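[1] generate a structure from the sequence data that follows.
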Amino acid sequence: MSASLLRRGLELLEPPGRAKASPGLQRGRAGLRAAGAARRRKRAPEPGRNKATVKGRVVKSAIEEYHKKKPVNHLRENLQYMLKGRLVADKAVTEQILAQNRGRKSKDQPPDKTEKKKPEGTVFTEEDFRKFEREYFGIP
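    Below you'll find the model as predicted:
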């Protein structure tokens, strides 16, 4: 988002009674220098207490800090939430929705379901195999 759009949006959100200076006056050189000086004044260190000293510091318990940052397992609540709304649509309705959302190209079409062929049984029986072994291998 550009700065001008942001400025316009902020102008729209301002209360109606508050008047604002024209944009030409805001962009003047003196205004920029004054703003920079104000920022520098704000950043100046305060002559308050020295933060390097130990006096007045509260000792934090390492165990409490560990328990605060310990990851929480939300599995149980998530499962309760997921199982709460168990509304399953009819298969015909879901098929219709999927068909509407599918593209018209051939790559978007599902593959045709082909019937699986059952494996055919052998014509020979166990007795035929034994007879074949006796004839060709000489096993009695």
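[2] could you use CA atoms for every contact and neighbour count after this?
    Noted.
[3] what about this protein, any weak spots by pLDDT?
    Counting by pLDDT under 70, the chain shows low-confidence ranges at 1, 15-53, 139-140.
[4] show me where it has helices.
    Secondary structure of the chain (DSSP state H): helices at 3-13, 23-26, 29-43, 62-69, 75-84, 91-101, 126-137.
[5] which of those helices sits closest to Pro110?
    Judged by C-alpha to C-alpha, the one of the helices of the chain that comes nearest to Pro110 is helix 91-101, at 9.7 Å.
[6] for the closest one, name the packing helices and strands.
    When contacts are defined as 3 or more C-alpha pairs under 8 Å, 6 or more residues apart in numbering; DSSP states H and E, helix 91-101 packs onto no helix or strand at all.
[7] now that helix, how far from the centre of its chain.
    Its chain's C-alpha centre and that of helix 91-101 lie 27 Å apart, by C-alpha atoms, centre = their mean, to the nearest Å.
[8] stretch 101-108 now?
    27 Å.
[9] ok, and what's touching it?
    Gln109 (C-alpha atoms under 8 Å, 6 or more residues apart in numbering).
[10] endpoint to endpoint, that stretch covers what distance?
    Distance across stretch 101-108, first residue to last, is 10 Å (C-alpha to C-alpha, to the nearest Å).
[11] relative to Pro111, which of the helices of the chain is closest?
    Closest to Pro111 of the helices of the chain, according to C-alpha to C-alpha: helix 91-101, at 13.2 Å.
[12] tell me which residues in that closest one are buried?
    Going by neighbour count (16 or more other C-alpha atoms under 10 Å), nothing in helix 91-101 comes out as buried.
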